[in-house]
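Asks: build me a structure from this.
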Amino acid sequence: MDAAPSRDIELEWQLDAQDLRPVLRWIEAASANGAAPVEIGAGRTATHVDTYLDTRDRSLDRAGYSLRIRRAGRRAPVATVKSLERGAADPTGPLVRLELEEAVDGLEPATLSRAPGPVGERIRALVGRRALAPLFDVQTRRRVFPLTAAGKPSGELVLDDTAFREPGGRILSRLRRVELEAEPESRAAVEPLVESLRSACGLQPALLSKYESGLAASGIPRTEPQTFGRTTISSADTIGEVALAVLRRNFTSMLAKEPGTRIGDDIEELHAMRVATRRLRAALALFAAELPAAAAELRAELAWIGGTIGVVRDLDVQLEQLDGWIAALPDADREPLKRLRELLDGDRRQARAEMLAAFDSPRYARLVRRFGAMLRARSGARRPPALEAAPELVERRHRALRKAARRITPRAPADDYHRLRIAGKRFRYTLEFVADVYPGATERLVRRMVGLQDVLGAHQDADVAVGRLRALAAERGTELGPATVFAMGEVAERYQQSMPGLRSDARRQFVAVEGKEWKRLREALEAERPA
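Replies: Just a heads-up that it's a prediction; the model follows:
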């Protein structure tokens with residue numbers, strides 16, 4: 001079955017109403033007036049039933065999404081996935097949420113395992129092998145009034161009389177609500193209409209979505225993010241307490257970014273999850289003396305999942321760069337690179353499938369369980385004060401950075417620049433890990449390190465891209481054809497031409513890192529060290 005048309009972004013105002021009759025009278029008066037910028041069309045009435053679904057462990061709710069299947073008359077059922085987070089800080093403003101729809105071939109939850117469109121793809125990515133089951137039903141009698149601004153459709157004004165039911169069973173509660181939906185470009189025209197309606201009918205912004213209202217009526221709580229202990233850090237802490245707080249912060253971040261990485265709509269979610277795994281590995285190495293021996297095994301497992309994510313990330317970077325180059329080329333020169341893009345896109349789909357399989361594996365579940373248990377089981381209180389131990393940790397990472405920098409010359413191989421990048425990243429992470437122990441002391445040097453890391457990161461991306469293009473030309477040149485292989489050579493040449501300038505920038509950035517900012521920080525750390 002073909003997927004139904006879907007909207008990516010929903011802009012919606014939700015207003016609770018004790019009685020819908022005053023709203024109907026206001027609509028009649030506004031329609032008769034006809035002078036408003038937004039015209040309210042004739043209403044139509046329909047009835048539909050929504051069944052909300054989730055897995056037994058509430059993986060969708062935990063990820064920040066709701067899922068429903070709607071049946072309305074003789075039309076094909078439609079599955080809808082929505083993000084649950086409010087996109088506007090103002091509670092009186094509209095909700096700005098992801099909303100995707102897809103026609104499905106049945107009402108059973110298992111139909112989503114076969115759905116080929118945007119909803120099916122995302123739900124399979126989020127839940128993996130876990131089965132979906134009904135939470136509750138929402139039966140709604142709806143009156144819909146189309147909105148038109150400047151002669152163009154701009155949204156809908158909806159009046160809902162809703163009953164929440166047990167799945168296929170008794171009524172749990174009722175709700176009356178007014179909703180105004182608009183395209184993002186129509187917001188300026190529709191917003192005054194919302195304010196006028198709210199003021200005239202005494203309506204209040206809804207505090208709960210229908211999904212949240214259904215949970216409340218069913219006695220089902222929202223899921224809460226997992227917590228693993230204290231994450232605050234102060235200069236009075238022991239180094240063990242600092243270590244655990246750093247690990248808890250980054251482990252929480254890794255888990256928080258997993259749903260966005262799974263669903264795949266924002267590549268920055270995947271990037272942030274990869275960074276969290278890197279920070280965790282760096283912290284496990286830095287604070288090894290304060291942690292149990294089992295932490296070394298966890299570090300190896302983090303390297304595995306981080307590497308799996310990293311393959312997708314590297315392809316994201318290459319595709320983004322390639323898109324920029326394709327857009328800048330004349331039309332006649334784009335076709336060969338488009339063939340390369342198709343190939344890289346196929347590689348990314350394969351890498352993403354392997355990543356999702358890793359997330360759904362017992363190995364990953366075991367990593368999450370063991371890491372969480374370690375963080376909850378320890379306090380780190382019986383350790384030296386952080387002010388005593390932290391200076392040596394910073395010095396150790398700085399010595400490694402200087403050692404790597406001594407190998408850097410204009411003719412040094414790319415691997416040496418990569419080693420400097422790794423050493424710089426570990427040094428920067430160390431500064432960030434102890435930043436709350438020395439409030440305000442590390443910020444300026446961290447900014448210098450970010451500049452160095454950006455340049456070294458671009459150099460590494462270029463080196464990886466050249467290696468990948470060379471391998472593709474050797475292994476799949478016949479499949480790609482001469483024109484594409486020639487274009488790949490030009491792309492590789494662009495990367496190589498950028499590298500000498502990046503190397504020069506890296507050496508200049510390192511001189512700035514080694515200057516007065518490092519001396520100032522070292523003096524600050526020594527001044528705070530206990531006698």
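Asks: drop to CA atoms for contacts and neighbour counts, all remaining ones
Replies: Fine.
Asks: the stretch 1-150 of the chain: helices as residue ranges?
Replies: With DSSP state H, counting those that start in this stretch, the ranges of helices along the stretch 1-150 of the chain come out as 21-33, 59-63, 118-127.
Asks: quick one: closest of the ones you listed to Thr148.
Replies: helix 21-33 (11.5 Å; CA to CA).
Asks: counting by contacts, list what the closest one packs against.
Replies: strand 38-40, helix 187-201 (3 or more CA pairs under 8 Å, 6 or more residues apart in numbering; DSSP states H and E).
Asks: one more pass at 7 Å, please.
Replies: Helices and strands touching helix 21-33, as assessed by 3 or more CA pairs under 7 Å, 6 or more residues apart in numbering; DSSP states H and E, are absent.
Asks: now that helix: mean pLDDT?
Replies: In this model, helix 21-33 carries a mean pLDDT of 89.
Asks: any buried residues in it, and which?
Replies: Val23, Ile27, Ala30, Ser31 (16 or more other CA atoms under 10 Å).
Asks: same deal with stretch 321-330?
Replies: Result for stretch 321-330 [16+ other CA under 10 Å]: buried residues Leu322, Ile326.
Asks: go on, stretch 454-471?
Replies: Judged by neighbour count (16+ other CA under 10 Å), stretch 454-471 contains these buried residues: 455-466, 468-470.
Asks: and if you look at stretch 301-311?
Replies: Result for stretch 301-311 [16+ other CA under 10 Å]: buried residues Glu301, Leu302, Ala303, Ile305, Gly306, Gly307, Thr308, Ile309, Gly310, Val311.
Asks: for these, work out which two are farthest apart.
Replies: Maximum distance among the buried residues of stretch 301-311 (CA to CA): 15.9 Å, for Glu301 and Val311.
Asks: pairing partners for the longest strand seen in the chain, with directions?
Replies: Assignment by DSSP state E gives strand 132-149 as the longest strand of the chain. On the basis of DSSP bridges, the sheet neighbours of strand 132-149 come out as strand 38-40 (antiparallel), strand 44-55 (antiparallel), strand 152-165 (antiparallel).
Asks: mind showing which ranges of the chain have poor pLDDT?
Replies: Within the chain, the stretches with pLDDT under 70 are 1-10, 34-36, 86-93.
Asks: how is it divided into domains?
Replies: Annotated domains of the chain cover 9-218, 237-381, 385-531 [automatic domain parsing].
Asks: so what's Arg71 bridging to?
Replies: Applying DSSP bridges to Arg71 gives these bridge partners: Val49.
Asks: what's the neighbour count on it?
Replies: Neighbours of Arg71 under the rule other CA atoms under 10 Å: 19.
Asks: over to Gln497?
Replies: So Gln497, with other CA under 10 Å, has 12 neighbours.
Asks: immediately after the host helix or strand of it, which helix or strand?
Replies: Per DSSP states H and E: Gln497 is located in helix 482-513. For helix 482-513, the following helix or strand on the C-terminal side (DSSP H and E) is helix 516-528.
Asks: now do that following helix against helix 482-513, angle only.
Replies: 50 degrees (axes from the mean of the first three to the mean of the last three CA atoms, to 10 degrees).
Asks: helix 516-528: which residues count as buried?
Replies: Glu517, Trp518, Leu521, Arg522, Leu525.
Asks: okay, these in a markdown table with distance to Arg406 next?
Replies: A markdown table is the format used below for the buried residues of helix 516-528 (distance: CA to CA, whole Å):
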| residue | distance to Arg406 |
| --- | --- |
| Glu517 | 19 |
| Trp518 | 17 |
| Leu521 | 22 |
| Arg522 | 20 |
| Leu525 | 25 |
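Asks: and the end-to-end length of stretch 396-413?
Replies: The straight-line separation of the ends of stretch 396-413 (CA to CA, to the nearest Å) is 25 Å.
Asks: now swap in stretch 101-120 and tell me
Replies: 9 Å.
Asks: stretch 429-446 now?
Replies: 9 Å.
Asks: what does that stretch rub up against?
Replies: Contacts to stretch 429-446, defined as CA atoms under 7 Å, 6 or more residues apart in numbering, come from residues Ile233, Ser234, Ser235, Val246, Arg279, Val394, Arg428, Val513, Glu517, Trp518, Leu521.
Asks: export these to a markdown table and tack on distance to Arg165?
Replies: Formatted as a markdown table, the contacts of stretch 429-446 follow (distance: CA to CA, whole Å):
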| residue | distance to Arg165 |
| --- | --- |
| Ile233 | 47 |
| Ser234 | 50 |
| Ser235 | 54 |
| Val246 | 45 |
| Arg279 | 46 |
| Val394 | 59 |
| Arg428 | 54 |
| Val513 | 63 |
| Glu517 | 64 |
| Trp518 | 64 |
| Leu521 | 63 |
